[in-house]
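In: sharing a model that was predicted from the sequence below.
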Amino acid sequence: MTATADTAAPAHAARSTGSRQLAGTGTLLRFALRRDRALIPVWVAVNALMVLSMPGTIKGLYGTAAERADLMRQMETNASLRALVGPVFDDSLGALTAWRVGLYAGALAAVMSLLIVVRHTRDEEESGRQEVVASGMVGRRASLTAALLAAAVANAVLALLVFVGLAGQGAAGALALGLGMAGTGMLFATMAAIVAQLTESARLARGLTAAVLGGAFVLRAAGDSATDDGSSVLTWVSPLGWLENLRAFAGERWWVLLLIAGATVAQGAVAYALAGRRDLGMSFLPTRPGPAAGRLRTAGALAWRLQRGGVLGWSIGFFLAGVVYGGMTEGAADLVGDNEQAREIIERMGGQAGLTEAFVSAMIGMLGLIAALYVVASVLRLSGEETSGRAEPVLAGAVGRLRWAAGHLVIAFGGAALIMLLAGLGFAAGYGQDFGAILGACLVQLPAVWVIGGAAVLLHGLLPRAAVAGWAVAGAVLLLGWVGPALDVPQSVLDVSPYGHLPKLPGGEMDWSPVLVLLVIAAALVGAGLAGLRRRDLTT
């Protein structure tokens, strides 16, 4: 009896220690879901709608088996398009849906997941709120567990919506695609959990995890451009390549889900081990000491120091995206062929000019939509500085609120101009012609980008606690621009987006009236936001 008791005691102690480590997880999970009651539904809804709208779109574009088979043959010989969306494994509507949006839906799930995890781990520590929470009956690993569970809830809902919505195309394929997207999201959630232990900055944690996601996309693109069946080593190195090689609706490879699950569990174990070995607020990669006195004399210089990494990353990404889009322009006409529905969608997105010019305009428009995400992220850096308490010591000196905000807004709005300029240079380099027209088409996107940025400034200035809704504005505009033309949404709905009023360049008529109106609206939004910021109390 004694031996049995002695043996049971360490096991009981271990269980007690484990339960103490997770004490309060349920409460923190409910709190996290309450805080993200707007963020998570928007991300999930946008992603699910993008996926579920695609079968009808593809059926309208490629209604016969012969048209779908011809599409497969064209993709086998078009390396640029494979780099953009991956290879086609089957000509069914479900397989074409997974081909067309699977990679991007998985990437969106990854972005959603990393934002959730960093928001409820490193963000909480950086703001000082975690220290208050930890002073109660909360386990050391409870916050990390709650953050991962919140990400799991979001991804599970996404997987369920995809499964239910696509089950008519084949239950097995719908289940595989839903689980693959959710698995990709959780893979990057656990990766963000590791990075959050390594760095002291939430901004850096988000940036590094997003950089890994971008690297995964580049590796997959390089691999898919080299082979037409996803068998390249570079494709298999990328987690996005795993999602592609799951082959939903095309003879599912269920064992790929085990690969995703294994990597997720391994990363989660590393994150838990790291979380138990560091003090609250500390990190394994110490932050470098600040620059010597005299190097940061102005609020603008400080803003540039804080945001230069993001500007550099977005600049490189947009230049490379421009090169890829420019390189695939010559093959656009061959891909569309005699398909009138595809031609109509491209013309709705890019104007009524020739097909090649309409394709160029449509791709540049997509880059303009994505630029809205940059400007919102850059503007909301003001909210991060304010809520973390770092803005207060800056404003305690001889720096007014408007000067402080202006430094960040110059980076936001000027950075948007820079990345669109670089996108134009990359597009012209990939296409090899019409340099001036392409550059002008990229720059004409800026008024709409700045309107979205102005909306973010207005939210931060007047409703600081709702500033995160700037992401919802950008997401709604992105959804309208991405899905609206394919669904033949009425023009009156598309005109809700500022992008719906821009001239369709190159090839279309240059109309300065909507451009000037959008510039006035952007200026008015920024002015109202700054007026609100000047009058209200700081948020802590």
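Out: Received, thanks.

In: quickly find the element holding the residue most central in space within the chain.
Out: Nearest to the geometric centre of the chain sits V111, at 4.5 Å (CA atoms, centre = their mean). Secondary-structure element containing V111, defined by DSSP states H and E: helix 93-119.

In: and the residue nearest to the centre of the chain, what does it touch?
Out: For V111, the contacting residues are W43, F188, A210, L213, by CB atoms under 8 Å, 6 or more residues apart in numbering. To be clear about C-beta, it is placed using only N, CA and C from the backbone, and glycine gets the same treatment.

In: quick check: it vs V493, distance?
Out: According to CB to CB, to the nearest Å, V111 and V493 sit 26 Å apart.

In: please enumerate the helices of the stretch 201-350 of the chain.
Out: 202-226, 233-237, 239-245, 255-275, 299-327, 332-336, 340-350 (DSSP state H, counting those that start in this stretch).

In: comparing those, which comes out most buried?
Out: Mean neighbour counts were compared across these using mean count of other CB atoms under 10 Å; the top stretch is helix 239-245, at a mean of 26.

In: elements contacting it?
Out: With contacts defined as 3 or more CB pairs under 8 Å, 6 or more residues apart in numbering; DSSP states H and E, the packing partners of helix 239-245 are helix 93-119, helix 171-198, helix 202-226, helix 233-237, helix 255-275.

In: what about 6 Å?
Out: Helices and strands touching helix 239-245, as assessed by 3 or more CB pairs under 6 Å, 6 or more residues apart in numbering; DSSP states H and E, comprise helix 171-198, helix 202-226, helix 255-275.

In: the helix ranked longest in the chain: what's the following helix or strand?
Out: The residue-count maximum for a helix in the chain (DSSP state H) belongs to helix 401-431. Next along the chain after helix 401-431, taking DSSP H and E as the criterion, comes helix 435-443.

In: which helix or strand lies directly C-terminal to that next one?
Out: The next secondary structure element downstream of helix 435-443 (using DSSP H and E) turns out to be helix 446-462.

In: any idea which helix or strand comes after that following helix?
Out: helix 469-483.

In: which residues touch that next one?
Out: Applying CB atoms under 6 Å, 6 or more residues apart in numbering, the set of residues contacting helix 469-483 from outside is 42, 46, 50, 53, 369, 372-373, 376, 380, 452, 455-456, 459, 497, 499.

In: same question for stretch 37-50.
Out: Here stretch 37-50 makes contact (CB under 6 Å, 6+ apart) with V101, A105, L108, M112, A154, V157, L158, L161, A472, G475, L479, V483.

In: pLDDT score for the first one?
Out: This points to V101. Among the per-residue scores, V101 holds a pLDDT of 87.

In: residue contacts, it?
Out: Applying CB under 6 Å, 6+ apart, the residues contacting V101 are M50, V51, M54.

In: re the thing from before, list just the nearest of the contacts of V111 to G262.
Out: In terms of CB to CB, no member of these lies closer to G262 than F188, at 15.0 Å.

In: and L367, what does it touch?
Out: Shown here is L367, whose contacts under the criterion CB under 6 Å, 6+ apart are A423.

In: what is the neighbour count of the spatially closest residue to A528 that is not a sequence neighbour?
Out: If the residues on either side of it in the chain are set aside, A528 comes closest to L458, at 5.5 Å by CB to CB, 6 or more residues apart in numbering. L458 sits with 24 neighbouring residues when counted by other CB atoms under 10 Å.

In: if I read this right, L458 contacts G527, doesn't it?
Out: No: applying CB atoms under 6 Å as the test, L458 and G527 come out as separate, 9.2 Å apart.

In: tell me the pLDDT of V157.
Out: In the prediction, the pLDDT value recorded for V157 is 96.

In: oh sorry, the question was meant for V489
Out: Model confidence at V489, expressed as pLDDT, equals 67.

In: with C442 instead?
Out: Per-residue confidence at C442 stands at 91 (pLDDT).

In: how close does it sit to G424?
Out: In this structure, C442 and G424 are 4 Å apart, going by CB to CB.

In: what is the burial count for the residue lying closest to W254 once chain neighbours are set aside?
Out: Leaving aside its chain neighbours, W254 sits nearest to A176 (7.1 Å; criterion: CB to CB, 6+ apart). Close neighbours of A176, defined as other CB under 10 Å, add up to 27.

In: hmm, A176 is touching E252, no?
Out: Yes: the pair A176 and E252 passes the contact test of CB under 6 Å, sitting 4.4 Å apart.

In: rewinding a little: can you redo the contacts of V111 as TSV with pLDDT and distance to A522?
Out: Formatted as TSV, the contacts of V111 follow (pLDDT from 0 to 100; distance: CB to CB, whole Å):
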residue	pLDDT	distance to A522
W43	85	25
F188	95	33
A210	83	26
L213	87	30
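
In: nearest to A171 among those?
Out: Sorting the contacts of V111 by distance to A171 puts W43 at the head of the list, at 25.2 Å, by CB to CB.

In: before we move on, which element is the closest one in?
Out: For W43, the enclosing helix or strand under DSSP H and E is helix 39-52.

In: list the buried residues in that helix.
Out: By 16 or more other CB atoms under 10 Å, the buried positions in helix 39-52 come out as 39-40, 42-52.
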